[in-house]
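**Student:** Model the following, please.
(3 chains)
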Amino acid sequence: MAQIPAGRLATYGQIAELIGAFGCARQVGWALRRLPLPSAVPWHRVVNAQGRISMSPGREGSDWMQIALLRAEGIPVDAAGRLPLRRYLWNPALPSVDASGDPG
DNA sequence: CATTTGACGCTCT
DNA sequence: TAGAGCGCCAAAT
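**Tutor:** Here you go, the predicted structure:
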């Protein structure tokens, strides 16, 4: 997850596939839930495949924190937690050269 | 050991 | 675009 460049987004399934656990998106969410905050890993760059922040009462507001962190990185996030995943989706295969370019 | 739940994802309608 | 159903694995009860 630390490989995700700033201003980019990745999905739970993407992270799972990246570590060789295809289809185990839930386990990624499980790990993120166990993640102590504040954390050194950019957990806020991980969203669901729907392009929305996965909100849950168990997060105790960390979902809203995620919105704030993403906005701070230049990613427009809707009040409902929706964001343009198509444009900011990170490609693990690429050497993260597009971190500075326009996602367009 | 069986059941329920969870920061997910795809398919069908 | 929105909703329901199923699959997935691990944890909690």
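**Student:** Tell me where chain A is predicted with low confidence.
**Tutor:** Within chain A, the stretches falling below the threshold (pLDDT under 70) are A:96-104.
**Student:** what do you get if the cut-off is 90, keeping everything else the same?
**Tutor:** Applying pLDDT under 90 to chain A flags the ranges A:20-23, A:34-40, A:56-61, A:78-80, A:91-104.
**Student:** Give me the most central residue, chain A.
**Tutor:** Centroid-nearest residue in chain A: A:Val46, 1.5 Å away (criterion: Cα atoms, centre = their mean).
**Student:** which residues sit in contact with that residue?
**Tutor:** Neighbouring residues of A:Val46 by Cβ atoms under 8 Å, 6 or more residues apart in numbering: A:Met1, A:Ile4, A:Leu9, A:Ala10, A:Thr11, A:Tyr12, A:Ile15, A:Val28, A:Leu32. In short, each C-beta sits where N, CA and C put it, glycine included.
**Student:** For DNA strand B, tell me which of the residues you listed show up nearby.
**Tutor:** Checking the contacts of A:Val46 against DNA strand B by Cβ under 7 Å from any atom of the strand, the ones in range are A:Thr11, A:Tyr12, A:Val28, A:Leu32.
**Student:** top of those residues by neighbour count?
**Tutor:** Among the ones next to DNA strand B among the contacts of A:Val46, the one with the most neighbours (other Cβ atoms under 10 Å) is A:Val28, at 23 neighbours.
**Student:** how much space between the spatially closest residue to that residue that is not a sequence neighbour and DNA strand C?
**Tutor:** Nearest non-adjacent residue to A:Val28, counting by Cβ to Cβ, 6 or more residues apart in numbering: A:Tyr12, 4.4 Å away. Distance of A:Tyr12 to DNA strand C, given as Cβ to the nearest atom of the strand, to the nearest Å: 10 Å.
**Student:** do the same with A:Ala10
**Tutor:** Distance, A:Ala10 to DNA strand C, by Cβ to the nearest atom of the strand: 17 Å.
**Student:** hang on, isn't that residue packed against A:His44?
**Tutor:** No. If you go by Cβ atoms under 8 Å, A:Ala10 and A:His44 don't touch, sitting 10.6 Å apart.
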